[in-house]
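*Asks:* Here's a sequence, model it:
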Amino acid sequence: MPQQPRTLSLKRARMGSRALLGLALSALLPAAAPAQTQQPGVVRLPWSQWQMHIGGGLQCAQIEAPSCSGPPVVFPDHSNPDQWQRTEVELPAELQSKPELGILVQGEIPVYEVFVNGRRIGGSGSFATDSGPQDARSIFPIPASLPRRGRLTIAIHTLGVNSSSHVDAPVPTIAALDELQLVKDADTLSYLRMSWLHYLCFGAMFGIGVVFFLLFSVNTRAHEYFWLGARLCELLMFRLCELASVVDMAMPSGLTLAMNSFFNMISPIILVEFIFAFLGRPVTKFFRLVEIAGLLNGSLLAAQLFRGTPLYIPVARFADSVYIHHPGIAAILLAALSLFLLAPVCFKSPLPEMRWIGAASLFFVVEESNRMAGFIDLPSIPQDFFWRGLDIDLRGISNLLFASVMLVAMTFRLRRIQDRNRQVEQEMAAARSVQQVLIPEQLPSIPGLRIESAYLPAQEVGGDFFQILPVPNSANPERPSAFIVLGDVSGKGLKAAMTVSLIVGALRTYAETCTSPGELLAGLNRRLHGRGDGFATCLALMVAPSGKMTLANAGHPNPYLNGVEIPTEANLPLGLAQKVHYSDIELQLPPGQICTLVTDGVVEATNATTRELFGFERTQAASNQSATDIAEAARAFGMGAPQADDITVLTIARAGVLSAVPA
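*Replies:* Purely as a prediction, here's the structure:
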């Protein structure tokens, strides 16, 4: 038949996937329960008593089939999808008298059919599509005509190998049909009593993972919260596939395979991203390769499922029994070993919670490495054992310990961050109060002058400042002159605000006695020098009612008069040297012309796409506009890019002129 090779290829590929995942997940699932004891009226059939045969046909289901008998096979040939398991049972007298018997089949066998004395009595899944419920637990009636003198020959035909074929796995059970459901429920209850600690650990980890997701939603910059939450929630997904068989959810084997494969694939990525996010470093090239290896694992599996590409490739053998296969195993191991990178950082930290994290990380690495060593048949310490009927799973305990320590440590860390943020908020509140003297909310009224300002800070508290101070005019007291000062302090935040408060205080003092802008800047320079490592650029003007202007410049961008740049003498900013002479320049502000002062935030506005600066040419071209229009033009030019500096603009005109300027 033309479809047969394709079907067989898919069967082989899927069988190989299931066997591969059985190996890969054998360390993820808790150890099997201790062997179940025989009960009156109940016959349990341990897998150690079954014989296994690879290949064959329906003759293996017959009562007499010598060619289909052989010892149990631990690592069979995965290239052949047909597997037969046979055993002979002699029924006890109490069962021979029962009117109707049944058999409970349980184990990791998605697709199978059951034969009793050569007769098919039922099955699970579809041999045509190789799909069925994972870990199905089904009850099949045994017709009363089948037992022969109290003896039964039971054969189970599967696609692939029952990966529960070991002594302590859930085993087929024969009992009276009306009692088998009670037996099944009792087995479920016994399993849950034995495994409650296992599920409690992973359930608690899931809850902690949700907490970390909530913490990430509060602080989206802390990516380590997201990756740690993903890691903890991911571990529970493996348990859901396992628990689905216990509570008879009949989860399809394909879905189980896809879920386990997906979470195995992303496990290295989650671990690596968490480690480097916690360290605040970019992922190194080596660990990028580890992440790619994890993704490659999923890609190979997808190719196997959808194109029949064989994946179970024997690369090496240990004792002719264990295969090292796809790169996902190495990726998981290397990702776990990346936790060693936390140790030096954590143990050198003066914070006690960081040392807790270091200790928990080392415990986790040792346990995870030991688990992977056992997987590839290297010497390892047992990590899953039974104590008084309770399944003690060291992996669950180590992961829960790590999660709990991380939760406590991150709580301390979050509280420290909140305390620091509260301190910053207090500093910002203090800086905002200082800001009120840096940028006047209302401009003073100077007779004969029209002054307009525009201020767009880059942060809550900026470094730009300006002051407009009337200067008494002895010749005409009703028409005073005005000192107009515009400057920019290096730095931002509270430090810059305090520097400007010093400048503004000195400025208001010197303005009463100084007679020129150059003298004013010299006094400000002396006051600022030696008060820290900061400096300030500053432009000072004195404007008389007649339009006469005198200006001096301390390293600030030149002003513009009627759209033309006013050249000034190059000089040092305030605070860099103690003895600096600032020269005065005199010019006239005629009626109908505008003098424009800007800070470097206008010139340095950067286009988000081209990274081009607004520049001096655009500034000069816009200098005849109103202060608001100039500031908005610079802001719009840099739209989409972070504003690097404050934008401040002042325009000065003789009274009655500024109103003609477009608003």
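*Asks:* going forward, measure contacts and count neighbours with C-alpha atoms only.
*Replies:* Fine.
*Asks:* Which parts of the protein belong to which domain?
*Replies:* Residue ranges for the domains of the chain, per automatic domain parsing: 34-180, 439-660.
*Asks:* So which helix or strand of the protein has the lowest pLDDT on average?
*Replies:* strand 317-318 (a mean of 30; mean pLDDT, DSSP states H and E).
*Asks:* mean confidence score for stretch 277-296?
*Replies:* For stretch 277-296, the mean pLDDT works out to 86.
*Asks:* which outside residues touch that stretch?
*Replies:* Contact partners of stretch 277-296, identified using CA atoms under 8 Å, 6 or more residues apart in numbering, comprise 222-224, 264-269, 272-273, 276, 327-328, 331-332, 334-335, 342.
*Asks:* hmm, 7 Å instead?
*Replies:* For stretch 277-296, contacts defined as CA atoms under 7 Å, 6 or more residues apart in numbering pick out 223-224, 265-266, 268-269, 272, 276, 327-328, 331, 334-335.
*Asks:* Let's have the residues you listed in JSON lines, adding distance to M205.
*Replies:* Shown next, in JSON lines, are the contacts of stretch 277-296 (distance: CA to CA, whole Å):
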{"residue": "H223", "distance to M205": "18"}
{"residue": "E224", "distance to M205": "16"}
{"residue": "M265", "distance to M205": "20"}
{"residue": "I266", "distance to M205": "18"}
{"residue": "P268", "distance to M205": "18"}
{"residue": "I269", "distance to M205": "19"}
{"residue": "V272", "distance to M205": "19"}
{"residue": "F276", "distance to M205": "21"}
{"residue": "P327", "distance to M205": "27"}
{"residue": "G328", "distance to M205": "24"}
{"residue": "A331", "distance to M205": "23"}
{"residue": "L334", "distance to M205": "22"}
{"residue": "A335", "distance to M205": "19"}
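*Asks:* Restricted to helices, list those residues.
*Replies:* 223-224, 265-266, 268-269, 272, 276, 328, 331, 334-335 (DSSP state H).
*Asks:* now for those, which pair is the farthest apart?
*Replies:* The distance between the two most remote of those (CA to CA) is 24.3 Å, for H223 and G328.
*Asks:* These two: which has the busier surroundings?
*Replies:* Just comparing H223 and G328: by other CA atoms under 10 Å the higher neighbour count belongs to G328, 26 against 20.
*Asks:* Show me what counts as buried in stretch 150-160.
*Replies:* 152-160 (16 or more other CA atoms under 10 Å).
*Asks:* List the residues that contact F216.
*Replies:* F216 is in contact with 222-223, 225-226, counting by CA under 7 Å, 6+ apart.
*Asks:* Please report the distance of it from V424.
*Replies:* 21 Å (CA to CA, to the nearest Å).
*Asks:* Also F340?
*Replies:* For F340, the distance to V424 equals 34 Å [CA to CA].
*Asks:* okay, those two: which has more neighbours?
*Replies:* Taking other CA under 10 Å, F340 and V424 do not tie; F340 has more neighbours (17 against 14).
*Asks:* Am I right that that one is in a strand?
*Replies:* No - with DSSP: H, G, I helix; E, B strand; the rest coil as the criterion, F340 is helix rather than part of a strand.
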